[in-house]
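Sharing a sequence plus its predicted fold:
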Amino acid sequence: MLGGMEQLPIVERFIAAHFPRAGIAVVAGSTARGTRTRTSDIDLLLIGDDIFETDAASFAGGFEFEGGFFEVFAYTVDGYGEWAARGVAQFRPVIVHMLVEGIEVRGGTALQELRHRWERVLVDGPRPTAHELEFRRYMITDQLDDLRDAQDPLERRVIAGLLFERTAELMLLGAGHWIGAGKYLPRRLCELSVDRTEALAAPLLQGDFDEFATQVERELDAAGGRVQAGFVR
């Protein structure tokens, strides 16, 4: 594992070469957590009103630099606020987590103030409406029936994978936790409850789709039960 502090010199050189006018710079992801491997990207959040030479407000893209790969999320101050708010509205505030949980490279007082503002948003958690949660139960109900009806092995695997994601998201949102995509979804689910995560995941990993459907139904019942007839999207 490669620690985040070990990467700061190359990060500073990268910023100087590509985004020298960034006022705020934060290293996030596995680099900040100290779990980075030699094949990991360096996730970098950059903010500044003069960061771009054009009138752009945001940029997301990758760069190769000194043998490494940087995944860059760059914004003006207003651009950051807009995109952060979008992530919050979608219950997956990726760049807010980056800002609050990452390692400071540049920023000082401006970074502290921005972190203070958005940290409160993270602590408050997501606020899905009753209709949003009901819609998610509706989708899970439909896919659960599809899984139980499916006979083709590939279809069952595909449906089960989607069903795990939607069930995990319902579990998280119902408990006031932010959701995540990809590898971050099971990580956030484990933060909620290791026991419930293992109960849901074990039959899926074993290919026991009947038992997996039973576990999904259990979580669906805990969230309020099946939703079908009468629901209006």
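Yep, that arrived.

element containing the closest residue to Gly29 other than its chain neighbours, please.
Excluding its sequence neighbours, the residue lying closest to Gly29 (C-beta to C-beta, 6 or more residues apart in numbering) is Asp43, at 3.5 Å. In short, each C-beta sits where N, CA and C put it, glycine included. Assigned by DSSP states H and E, Asp43 belongs to strand 42-47.

Show me what counts as buried in that strand.
Burial within strand 42-47, assessed by neighbour count using 16 or more other C-beta atoms under 10 Å, is assigned to Ile42, Asp43, Leu44, Leu45, Leu46, Ile47.

Equivalent analysis for stretch 13-27, please.
Neighbour count says stretch 13-27 has Phe14, Ile15, Phe19, Ala22, Gly23, Ile24, Ala25, Val26, Val27 buried, by 16+ other C-beta under 10 Å.

you'd agree the second one is up against Ala74?
Meaning Ile15. No. Between Ile15 and Ala74 there is no contact under C-beta atoms under 8 Å: 10.1 Å.

Enumerate every residue touching Thr167.
Ile140, Leu200, Val216, Glu219, Leu220 (C-beta atoms under 8 Å, 6 or more residues apart in numbering).

at 6 Å instead, please
Applying C-beta atoms under 6 Å, 6 or more residues apart in numbering, we find Thr167 in contact with Ile140, Val216, Glu219.

How about Tyr80?
Taking C-beta under 6 Å, 6+ apart, one finds Ile47 in contact with Tyr80.

Which of the three states applies to Val27?
strand (DSSP: H, G, I helix; E, B strand; the rest coil).
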